[in-house]
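Requesting a structural model of the entry that follows:
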Amino acid sequence: MILNRNLSISQMMFAGGTLMLLAIGLLAFTFVEKVSAMTPGDPANGKVLFEKRCTGCHALDTDKEGPRLRGVYGRKAGSVPGFVYSDALKAANFTWDAAGLDKWLTDTESVVPNNDMSFHVPKAEERADIIEYLRVSSGK
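Got it, this is the predicted structure:
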């Protein structure tokens, strides 16, 4: 960036104020996203979303293209007996919880690179609802 030494004090203050407002806006947006991610979702809406968006590959009680998901909340990743997981997911060493499921549904590759699931849920509120439905369905 090239600084123009001929700017007036008022022009510099305006530019600085504009940058400050942009920074505050970015922080506020980030805070709202974090709070949304931490707020428990609506399990009834999560059921509707699950049935609409997830049942092409998953069910609660039977394996399909993806593993059965009843009990996923609190279960070790890659551990449903009889389901054939990718090598990457079989080697994963974590237990599914709200934060992990949120990251997974946002971007599976950032959680377990080279997994076999490419689906994602872009809206934080929808992820929260689906995760709460899975938590309740898991008896947690």
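
Sketch out the low-pLDDT regions of the chain for me.
Scanning the chain for pLDDT under 70 picks out the ranges 1-38.

One more pass at 50, please.
21, 28-36 (pLDDT under 50).

Next up, the contacts around the residue nearest in space to the middle of the chain.
For the chain, the residue nearest the mean C-alpha position is D102 (3.0 Å; Cα atoms, centre = their mean). Contacts for D102 (Cβ atoms under 8 Å, 6 or more residues apart in numbering) come out as 37, 124, 127-128, 131. The C-beta positions use only the backbone N, C-alpha and C, and glycine is treated the same way.

burial count for N93?
N93: 7 surrounding residues under other Cβ atoms under 10 Å.

Would you mind measuring from it to A124?
The gap separating N93 from A124 is 26 Å, by Cβ to Cβ, to the nearest Å.

What of V80?
The gap separating V80 from A124 is 27 Å, by Cβ to Cβ.

doesn't S79 make contact with A91?
No: A91 is beyond contact range of S79, at 11.5 Å (criterion: Cβ atoms under 8 Å).

Show me where the protein has its helices.
For the chain, the helices defined by DSSP state H cover 9-38, 43-53, 87-90, 98-106, 108-111, 124-137.

Which neighbouring elements make contact with the fifth one?
Helices and strands touching helix 108-111, as assessed by 3 or more Cβ pairs under 8 Å, 6 or more residues apart in numbering; DSSP states H and E, comprise helix 98-106.

If we go by neighbour counts, what in the helix it packs on is buried?
98, 100-102, 104-106 (16 or more other Cβ atoms under 10 Å).

Ok, stretch 44-63 next?
Here stretch 44-63 shows 45-47, 49-50, 54, 58-60 as buried, counting by 16+ other Cβ under 10 Å.

what residues go with each domain of this protein?
1-38, 42-137 (automatic domain parsing).

Tell me which of the ones you listed sits most buried.
domain 42-137 (a mean of 16; mean count of other Cβ atoms under 10 Å).

Any chance you could list what contacts stretch 84-92?
Applying Cβ under 8 Å, 6+ apart, the contact partners of stretch 84-92 are 67, 77-78, 111-116.

Could you list which residues are in contact with the nearest residue to I130 once chain neighbours are set aside?
Distances taken as Cβ to Cβ, 6 or more residues apart in numbering put G46 closest to I130, at 4.7 Å, once the chain neighbours are dropped. G46 is in contact with 128-134, 136, counting by Cβ under 8 Å, 6+ apart.
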